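> Give the three-dimensional model of this entry:
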Amino acid sequence: GKSANTRGVITLTQFEGGALHNIGREESCHECEWGTDAAQRIVIHWWPVALGCVGRGAAFNMDAERYSDVQQIGEGAEAFNVTVVEANQTSKRFVLFAVGRGGNPSRHLPLLRSVAALGCTVVAPHFDLLISMVPTKEELDKRVRRLGASAAQYFKADVPIVGVGHSIGTVTLLALAGGEAQTLAGETVMSGPILKFDRLALFAPPTDFFRRPGALKSVNVPIRIWVGAKDSITPPAQAQFLKEVLSLQGPIDICLDEEAGHFSYMDELPPNITDSHSNRSKFLASLANDVGRFVIA
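Numbering: from 1, shown residues only. You can find the predicted model right below:
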């Protein structure tokens, strides 16, 4: 617990995997008080938290500087929400997170917080749900613009930028890294303001957008890909294509997760989706550790 002036504040904790975690304040925070004397009054804040949502490998303290904050940037019809998770110190890295088809980065919030705990400021723009699994040029262009605007709003030129993304989010990151994506209809997706990424961490990337010869010739950044052997949406062959094309342009590694499927990389699954992984909590904790090490390497 912490005390400030005459108020004692107790933050609930959860013990998981041999590490003690402070649970950050959420929108659903509840408060209870005991005592009538100001000098002795105790205030307890508590949050209903689903089991497995906060334990992420090594112990970390989600103190005030690392609470997630949903902000709005842009104006009028172009305004959109951005989840920002601040580092508790001067940022070693800025992390731009590109969410998948669902468009809601809060489904990855435990991962984003664990990365922020390593000294990174994480910025994750929100998007509309893609109704179809085959996105249009207009939909992808809008996502690329929002990612570029988010980087311009929050990042500083002297701090390395790392891109982290899942599924269709990896396509937009590769576009921002210089890739020339093409939709199924043959339309070229805008590349937006080209970002000089220090590295890219990609989960389950769909690479059919880059089959045109030379589409990835301008991408020369270290990349690590995580893909599930049980992924029927973006199977491992798609990640292998990316490695074959980019191996001469920079280091690229593939981490094949034997029990993982396409949605195993999400802390909160989409509605009506079940995960094929037999030990989801352990897998997510290991993933967060691996991603964190790669991001700050």
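
> Please save the CA atoms from whichever strand or helix holds residue 288 in PDB.
In the assignment (DSSP states H and E), residue 288 maps to helix 280-296. Extracted C-alpha coordinates of helix 280-296, given in PDB (Å, rounded to 0.1, in the frame of the first residue of the first chain):
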ATOM      1  CA  ARG A 280      -3.600 -20.000 -23.000                       C
ATOM      2  CA  SER A 281      -2.400 -18.200 -19.900                       C
ATOM      3  CA  LYS A 282       1.100 -19.700 -20.000                       C
ATOM      4  CA  PHE A 283       1.400 -19.000 -23.700                       C
ATOM      5  CA  LEU A 284       0.400 -15.400 -23.400                       C
ATOM      6  CA  ALA A 285       2.900 -14.900 -20.500                       C
ATOM      7  CA  SER A 286       5.700 -16.400 -22.600                       C
ATOM      8  CA  LEU A 287       4.700 -14.300 -25.600                       C
ATOM      9  CA  ALA A 288       4.800 -11.100 -23.700                       C
ATOM     10  CA  ASN A 289       8.200 -11.900 -22.300                       C
ATOM     11  CA  ASP A 290       9.500 -12.800 -25.800                       C
ATOM     12  CA  VAL A 291       8.000  -9.700 -27.400                       C
ATOM     13  CA  GLY A 292       9.400  -7.500 -24.600                       C
ATOM     14  CA  ARG A 293      12.900  -8.800 -25.100                       C
ATOM     15  CA  PHE A 294      12.700  -8.200 -28.800                       C
ATOM     16  CA  VAL A 295      11.300  -4.700 -28.500                       C
ATOM     17  CA  ILE A 296      14.100  -3.400 -26.200                       C
END
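
> gap between that helix and the chain center?
Mean-position distance between helix 280-296 and its chain equals 12 Å (CA atoms, centre = their mean, to the nearest Å).

> What are the buried residues along that helix?
In terms of neighbour count (16 or more other CB atoms under 10 Å), helix 280-296 has its buried residues at 280-281, 283-285, 287-288, 291-292, 294-295. Where C-beta positions appear, they are placed from N, C-alpha and C, glycine not excepted.

> where are the low-confidence patches of this protein?
1-67 (pLDDT under 70).

> Go ahead and flag the most central residue of it.
residue 97 (4.4 Å; CA atoms, centre = their mean).

> For the closest residue to that one other than its chain neighbours, which three-state class applies?
Computed as CB to CB, 6 or more residues apart in numbering, the closest residue to residue 97 that is not its neighbour in sequence is residue 124, at 3.9 Å. Under DSSP: H, G, I helix; E, B strand; the rest coil, the three-state class of residue 124 is strand.

> I'd guessed residue 124 sits against residue 71; true?
No: at 10.8 Å, residue 124 and residue 71 do not qualify as touching, with contact defined as CB atoms under 8 Å.

> Which one's more surrounded, those two?
With neighbours defined as other CB atoms under 10 Å, residue 124 and residue 71 compare such that residue 124 has more, 28 against 13.

> who touches the strand or helix carrying residue 153?
In this assignment (DSSP H and E), residue 153 forms part of helix 137-154. Helix 137-154 has contacts (CB atoms under 8 Å, 6 or more residues apart in numbering) with 73-74, 80, 82, 84, 94, 96, 98, 121, 123-125, 127-128, 130, 161, 168-169, 171-173, 175-176, 181, 183, 185, 187-193, 195.

> mind listing which of those are in helices?
168-169, 171-173, 175-176 (DSSP state H).

> that older thread, how near is the residue nearest to residue 97 to residue 211?
Residue 124 sits 28 Å away from residue 211 when distances are taken as CB to CB, to the nearest Å.

> show me where the stretch 1-150 of the chain has strands.
Under the criterion DSSP state E, counting those that start in this stretch, strands of the stretch 1-150 of the chain are mapped to 2-4, 7-11, 13-16, 19-22, 30-34, 42-46, 68-73, 80-85, 93-98, 120-125.

> List the residues that contact the closest residue to residue 205 other than its chain neighbours.
Distances taken as CB to CB, 6+ apart place residue 170 nearest to residue 205, at 3.8 Å, with adjacent residues excluded. Going by CB under 8 Å, 6+ apart, residue 170 touches 98, 200, 202-206.

> between those residues, which is closest to residue 256?
Ranked by distance to residue 256 (CB to CB), those are led by residue 204 at 11.4 Å.

> which residues does the residue lying closest to that closest one once chain neighbours are set aside contact?
Excluding the flanking residues, the one nearest residue 204 by CB to CB, 6+ apart is residue 234, at 4.7 Å. By CB under 8 Å, 6+ apart, the contact set of residue 234 is 167, 204-207, 227, 262.

> how close does residue 234 get to residue 78?
30 Å.

> same deal with residue 157?
For residue 157, the distance to residue 78 - CB to CB - is 24 Å.
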